[in-house]
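[1] Please work out how this folds:
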Amino acid sequence: MSPLKQHLADTIIKSMKAREIERVKVLRNVQAVIKQIEIDRRTELDDADVLEVLQKQLKQRHESLTIFTENDREDLATKEQFEIDIINEFMPKQMDDAELSVLVNAEIAKQGATSMRDMGSVMAVLKDKAAGRADPALISKLVKQALQG
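    Residues are numbered from 1 along each chain as shown. Okay, the predicted model is just below:
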């Protein structure tokens, strides 16, 4: 079992002992998504794959949070924010914009990328380097800006 999945399982047990019912629900939901993907793929997920699943879960909850906030559903927005906070506990420290810009510019310089045709190769490397520490959409945006401007 990957260290991240083990940490998730240990946290569920600790939360159950502390009788944090809502927290256990969120953690079990995430664990169930991971197990379902493992069953579908017929393989065990490693930490990188688990981080990818967690990122997708966060993205879904952020989208729901936006919708609930726009429609003045504070009760549901609060619930989504609670789930986001719990999932974020398992994510590595996020890179700030300055760190991400340095990483993007360094990779572009390293590869000698000069146009949008080079974006795919730059993104492939950056996706691995920043796995779980930055939103791929933000990385893509920064790469586009650097290559176009």
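[2] C-alpha only now, for contacts and for neighbours.
    OK.
[3] In contact with the closest residue to residue 107 other than its chain neighbours, which residues?
    Leaving out its chain neighbours, the residue that sits closest to residue 107 by Cα to Cα, 6 or more residues apart in numbering is residue 122, at 6.7 Å. Neighbouring residues of residue 122 by Cα atoms under 8 Å, 6 or more residues apart in numbering: 107, 108, 111, 113, 143.
[4] In terms of helices and strands, where is the fourth one?
    Here residue 113 sits in a region with no helix or strand, counting by DSSP states H and E.
[5] neighbours around it, how many?
    17 (other Cα atoms under 10 Å).
[6] show me the contacts for residue 95.
    133, 134.
[7] Assign a three-state SS to it, would you?
    What DSSP: H, G, I helix; E, B strand; the rest coil gives for residue 95 is coil.
[8] can you pull the contacts of residue 98?
    Counting by Cα under 8 Å, 6+ apart, residue 98 has no contacts.
[9] So residue 18 versus residue 122, what's the distance?
    According to Cα to Cα, to the nearest Å, residue 18 and residue 122 sit 45 Å apart.
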